[in-house]
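In: Quick one: sequence plus predicted model below, questions after.
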Amino acid sequence: MTAVAENKPAYDGKVLDLTGKSGARAFKNTLATVLIVLAFAVAMIPLLWILFTVVSKGYHLLLSADWWSQSQRGITVRRAGGGAYHAIMGTLIMALITAVIAVPIAILGAVYLVEYGKGTRAAKAVSFMIDILTGVPSIVAALFVYAVWITVFGFNRVGFAVSLSLVLLMLPVVLRSTEEMLKLVPDELREASYALGVPKWKTILKVVVPTAFGGIITGVMLGLARVMGETAPLLILVGYSKNINLNPFDGFMGALPTMINQDRTELALPNAADRVWAAALTLILLVLALNLLARLVARFSTIKSK
Amino acid sequence: MAKRIEVSGLNVYYGDFKAVEDVSMTVEPRSVTAFIGPSGCGKSTFLRTLNRMHEVIPGARVEGKVMLDQQDLYGNGVDPVAVRRVVGMVFQRPNPFPTMSIFDNVASGLKLNGVKDRKKLTEVVESSLKGANLWNEVKDRLDKPGAGLSGGQQQRLCIARAIAVEPEVILMDEPCSALDPISTLAIEDLIEKLKDRFTVVIVTHNMQQAARVSDQTAFFNLAATGKPGRLIEMAPTKQIFSNPGEKATEDYITGRFG
């Protein structure tokens, strides 16, 4: 050994294995990756399949102006022509009434659960009821409204009755999602507001709800998307009309799901089949358009960083 | 502005748990009072009783008196909202309102309490931001979100927000513990300036900070885990750090304590 060896060597000469994954771990990693990608693909297949089929079979009717401006008045299943205006308006009117009733109740209910009733017996009872309500099938909601609206009060089958039953379906969805969004607002923000001498109600209105606004909007859209496709309440509470009826308090009313249902019975006829696909695509586009609108609203209501 | 706080025989409970026991002290106006002590000794809890912020936690209650000059903050008919208008607070983590611009953050206390006069708001925002040593850094981007500032700037924004409502007292709960040394220095300079106008109470884990910024220092401690925190000693800061009256205080500030 030379004198150099007396000093502490800069390197001890041992080579560490820094190449990373060992065989077994690399295998597990690959396996997990493959499984995750497969699961994703399996989830995507039906979705893309439906979208592709609906778009490819339905788009050509949507290209005509008649589709957006005419009703099915006087058009039999064998004939082509007419449009979906009556059904689009029917769906939009009933969905709008539903939202106007359900959204305020749902948001106020969620505010109560998160801000006021936390941990109280009343809040727990409400939460439990909402959970049950989430699982109520649409036909049960429809029959409940039928029993109250028509059997007890003696009113006629009208669009408004449909909206009432859709409220029962939309309310729990919006309330639950709003509740989760309000819970995500950090307590520090509430305390910051209290520390400025701001009362609790104003803190909720001006700090908590605006902070959760984007999430609340998403919940409202999910709720709307759910009720716009419901068919059972329509069949039971308003029937179907091929004519344009914009009055939710009088007479039968067209809607996209019932329009699909109407022509579905004659699917062997090419004109009827075309209308079924076109109506389905229209319903999807309506939900999409409302979604985009809501996102725009949410974006313009938040403060821009650039 | 700036009022004296006199606390006598204060106990704080969370449900059945007694968190702070028998605290009596006087906080002088236009001065900085620091609370030091180990974690869990109740100094933050005690601080929050000075503007009734502890009541936000369900089950929290107090016994004893907190007098702001001659008025009992826990007297009959006293509204906690009104108390917090005169006793402001700055929190450990900067918490600007994420949906509001820098301007609106500073103006929020006034706006949410009904002030609409744009000219008055503009004046208050400018003077508050200047008071918080932040004006020069943000004056060209008042309409940008408050959450886009750096941590230190956000904390000064929160201080500007707190002083915009012209409180008598400002409570600070470890205002620098989430900040870097440069930002900490900026806040400490600011505290020095704030005491010309306000009564300032600051909780800190940093003993050098207490020594640098405060006039009076209160040392809190607890006998054991699960026991309530107590005020061990309160004295002028110089005296606490040079010649403490209690052995426990000396052990803590010299680092011989857990």
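Out: Received it, and whenever you're ready, just let me know what you need.

In: From now on I want contacts and neighbour counts done on CA atoms only, so please keep to that.
Out: Noted.

In: What helix or strand is the residue nearest to B:Val56 when sequence neighbours are not counted located in?
Out: Distances taken as CA to CA, 6 or more residues apart in numbering or on different chains place A:Glu191 nearest to B:Val56, at 7.9 Å, with adjacent residues excluded. Taking DSSP states H and E as the criterion, A:Glu191 maps to helix A:187-194.

In: Which positions within the helix or strand following that helix qualify as buried?
Out: Sequence order places helix A:200-203 as the next helix or strand after helix A:187-194, per DSSP H and E. Of the residues in helix A:200-203, those buried under the neighbour-count criterion (16 or more other CA atoms under 10 Å in any protein chain shown) are A:Lys200, A:Thr203.

In: With stretch A:222-234 instead?
Out: Taking 16+ other CA under 10 Å as the criterion, stretch A:222-234 shows A:Leu222, A:Gly223, A:Leu224, A:Ala225, A:Val227, A:Met228, A:Gly229, A:Glu230, A:Thr231, A:Ala232, A:Pro233, A:Leu234 as buried.

In: The residue nearest to B:Val56 and B:Met89: what is the separation?
Out: Per CA to CA, to the nearest Å, A:Glu191 is found 9 Å from B:Met89.

In: what does B:Ile253 give?
Out: Taking CA to CA, one finds B:Ile253 at 26 Å from B:Met89.

In: and chain B, which residues reach chain A?
Out: B:51, B:53, B:56, B:81-91, B:95-101, B:109, B:112-113, B:144-145, B:148, B:162, B:165 (CA under 8 Å from any CA of the partner chain).

In: go with 7 Å
Out: B:81-82, B:84-85, B:88-89, B:95, B:97-101, B:109, B:112-113, B:144-145, B:162 (CA under 7 Å from any CA of the partner chain).

In: Which of the buried residues of stretch A:222-234 sits closest to chain B?
Out: A:Leu222 (23.3 Å; CA to the nearest CA).

In: And A:Leu235, how close does it get to chain B?
Out: With distances taken as CA to the nearest CA, to the nearest Å, A:Leu235 is found 44 Å from chain B.

In: same check, this time on A:Arg299
Out: 11 Å.

In: any idea how far that residue lies from B:Thr99?
Out: Taken as CA to CA, the span from A:Arg299 to B:Thr99 is 11 Å.

In: How about the longest helix along chain A, which residues are buried there?
Out: The single longest helix within chain A, with elements called by DSSP state H, is helix A:23-62. The neighbour-count check on helix A:23-62 (16+ other CA under 10 Å) flags A:Val54, A:Val55, A:Lys57, A:Gly58, A:Tyr59, A:Leu61, A:Leu62 as buried.

In: ok, the residue of chain B found nearest chain A - contacts?
Out: Nearest residue of chain B to chain A: B:Arg85, at 4.1 Å (CA to the nearest CA). By CA atoms under 7 Å, 6 or more residues apart in numbering or on different chains, the residues touching B:Arg85 are A:Leu196, A:Gly197, B:Pro167.

In: doesn't B:Gly88 make contact with the first one?
Out: Looking back up the chat, that one is A:Leu196. Yes: counting by CA atoms under 7 Å, A:Leu196 does reach B:Gly88; the two are 6.1 Å apart.

In: list the residues that contact both of those two?
Out: Counting by CA under 7 Å, 6+ apart, the residues touching both A:Leu196 and B:Gly88 are B:Ala162.

In: So for B:Ile191, what's the nearest residue that isn't a sequence neighbour?
Out: B:Val213 (7.1 Å).

In: Now do the same for the one you found: its pLDDT.
Out: pLDDT recorded at B:Val213 is 93.

In: Next: B:Gln208.
Out: 89.

In: what helix or strand does it sit in?
Out: Applying DSSP H and E, one finds B:Gln208 within helix B:207-213.
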